[in-house]
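1. Build me a model:
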Amino acid sequence: MDVSGGSGQPRSGSDESAEHHAGPPAPGPARPGPAPDGDTSRPDPGAPASPPPARDHDVPAEEVRAEHDASDGPDGPDGQEGRRGDAGQRRAVESGAGRPAPASGPPPRRPREPGGGLLMGRPFGVPVYVAPSWFLVAALITWVFGGQLDRVLPELGAARYLVSLFFAVAFYASVLVHELAHTVAALRFALPVRRIQLQFFGGVSEIEKEAETPGREFVLAFVGPLLSLVLSGVFYLALLPVEPGTVPGVLLAGLMISNLIVAAFNLLPGLPLDGGRMLRAVVWKISGRPMTGTVAAAWVGRALAICVLIGLPLLTQSGALGSDAVDNVGMDTVMDALLAAILAAIIWTGAGNSLRMARLREHLPELRARNLTRRAVPVETDTPLSEALRRANAAGARALVVVDPEGTPLSLVREAAIVGVPEHRRPWVAVGGLAHDLTDGMRVSAELAGEDLLDVLRATPASEYLVVEETGEIYGVLSAADVERAFVKAMARPS
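-> Reported below is the predicted structural model:
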């Protein structure tokens, strides 16, 4: 089964380095930016975050992560504390809950390359992984196909399992071609592909952005089943000159039939299957709204899951799939019911994840760096922490930026580090010892919003970021924890 982009929807976000819209800040005094007040969002693009990126059915709540587990104080990003005056600001800055951090923390970590199993290669620059679950299904295919070979070619003996293992590998090579078709189409449309993963029930092409038009969405979904149909035809042509009842003949016939089944199954019109994405594109084209297409295709997918759960065992029991109805009793009936239940669960879960991904893309534009930024005051590196906090509270700010004598920002004081300093020691601790140096990735444009903002944060994981105007002037400090909470709050709103 093909579940492109995690639940049949492209993932949001990217693990690759994103373009940063803010250049280096110009020297000069810092201008405090507005503290968040009231709602963190101001009224689309599949994870998602994006949190996603998901594995194929992840709920997209992991896309934004802070490097350190630091709290923002009792108010959170909604700015409720900002309406309580200087005393409330003092509590937010000086006594927020969080784990004490060392005075000089480690540099921001490089984003990890997406994992997910054994790396097999990088066709077209996209990593291909084989999940551990593949070995389970390979063993299952080897056992089942080996039993069929024993009836067709009994002279093979134990060697039939070696032939069956070759069939399992060749079949998943066909699945990989199916996924590579999605990947090539996505790259052709300038959509980043995070990875391809071969797993228990087929493969996953994790496409990180949504197609811009319903036409491209349709093409992106259709090329996979189309390649499976082409492969089925190729195996049929290769089968014509081969003598029936031989090992090559049985293998070619099995690969022809299996690719035909893969194409037919993926053309079923319900998410997360390719046919569901094609249906979504059609409804999107008619209605003009991608969310409408997603809702329609997801509910068709859920109906399809129920049909698979009930219909597949009935079909096998009746002999409509080619076996004798009299023989379909006992263990075979149990296995058919178990297979139907697994397929139905995958389709139902994928349809639900597709709805969540669509809601994510609807709410992503609500995440704006300018709205989530905390006011910040500039302080020089040798300023005592108690004095820096006094200035911040006087200005109604909740963040500290260390600058040089000319006003150029050098580093950010981590909130977790402030929490780790007892109040009686703060007059003797310089802010420079609690700050971590700014890197290019930690300078965020105040104009960033939605997926662009999340791309920048994911490219350079950190707990705080310096927010600058297009002119390079300091606007404030953005906490990754604030962004994460705002994301969760936006996801909780109805679409």
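2. can you map out the helices along this structure?
-> Assigned by DSSP state H, the helices in the chain fall at 85-94, 132-152, 160-188, 214-239, 247-266, 274-287, 290-318, 331-363, 369-372, 385-394, 415-419, 450-459, 480-492.
3. among those, where is the model least confident on average?
-> Looking at those, the lowest mean pLDDT belongs to helix 85-94 (a mean of 36).
4. For the nearest residue to Pro384 once chain neighbours are set aside, give its distance to Ala486.
-> Take Pro384 and drop its neighbours on the chain: the residue closest to it by Cβ to Cβ, 6 or more residues apart in numbering is Pro427, 5.2 Å away. Heads up, the C-betas are built off the backbone N, CA and C, glycines and all. Per Cβ to Cβ, to the nearest Å, Pro427 is found 35 Å from Ala486.
5. out of these two, which sits in the busier spot?
-> The residue with more neighbours, out of Pro427 and Ala486, is Ala486; 24 against 10, by other Cβ atoms under 10 Å.
6. Unless I'm misreading it, that one sits right up against Leu367, doesn't it?
-> Yes - the pair Ala486 and Leu367 passes the contact test of Cβ atoms under 8 Å, sitting 5.9 Å apart.
7. related to what we said a few turns ago, format the helices of the chain as TSV; extra columns: distance to Glu206.
-> Shown next, in TSV, are the helices of the chain (distance: least, Cβ to Cβ, whole Å):
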stretch	distance to Glu206
helix 85-94	38
helix 132-152	16
helix 160-188	10
helix 214-239	13
helix 247-266	17
helix 274-287	14
helix 290-318	18
helix 331-363	12
helix 369-372	26
helix 385-394	42
helix 415-419	32
helix 450-459	14
helix 480-492	20
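8. quick one: which of those helices is nearest Phe124?
-> Minimum separation from Phe124 across the helices of the chain (Cβ to Cβ) falls at helix 160-188, 6.1 Å.
9. Tell me which other helices or strands the closest one touches.
-> Helix 160-188 sits against helix 132-152, strand 193-199, strand 202-207, helix 214-239, helix 247-266, with contacts defined as 3 or more Cβ pairs under 8 Å, 6 or more residues apart in numbering; DSSP states H and E.
10. which regions of the stretch 1-150 of the chain lie under the pLDDT threshold?
-> Scanning the stretch 1-150 of the chain with the threshold set as pLDDT under 70 gives 1-116.
11. can you rerun that using 90?
-> 1-117, 132-138, 140-150 (pLDDT under 90).
12. What number of residues are in the vicinity of the residue lying closest to Leu156 once chain neighbours are set aside?
-> Spatial nearest neighbour of Leu156, excluding adjacent residues (Cβ to Cβ, 6+ apart): Leu149 at 6.1 Å. Per other Cβ under 10 Å, the neighbour tally for Leu149 reads 21.
13. With Ala492 instead?
-> 9.
14. ok, so what distance separates it from His363?
-> 9 Å.
15. Report the beta-bridge partner residues of Ser445.
-> Val468 (DSSP bridges).
16. For burial, what's the neighbour tally of it?
-> So Ser445, with other Cβ under 10 Å, has 21 neighbours.
17. Chain neighbours aside, what residue packs nearest to Pro248?
-> Leaving aside its sequence neighbours, Pro248 is closest to Val242 (5.1 Å, by Cβ to Cβ, 6+ apart).
18. Same question for Ala340.
-> Leu312 (3.9 Å).
19. wouldn't that neighbour be in contact with Ile342 here?
-> No - between Leu312 and Ile342 there is no contact under Cβ under 8 Å: 10.4 Å.
20. Which of those two has more residues huddled nearby?
-> Leu312 (18 against 14).
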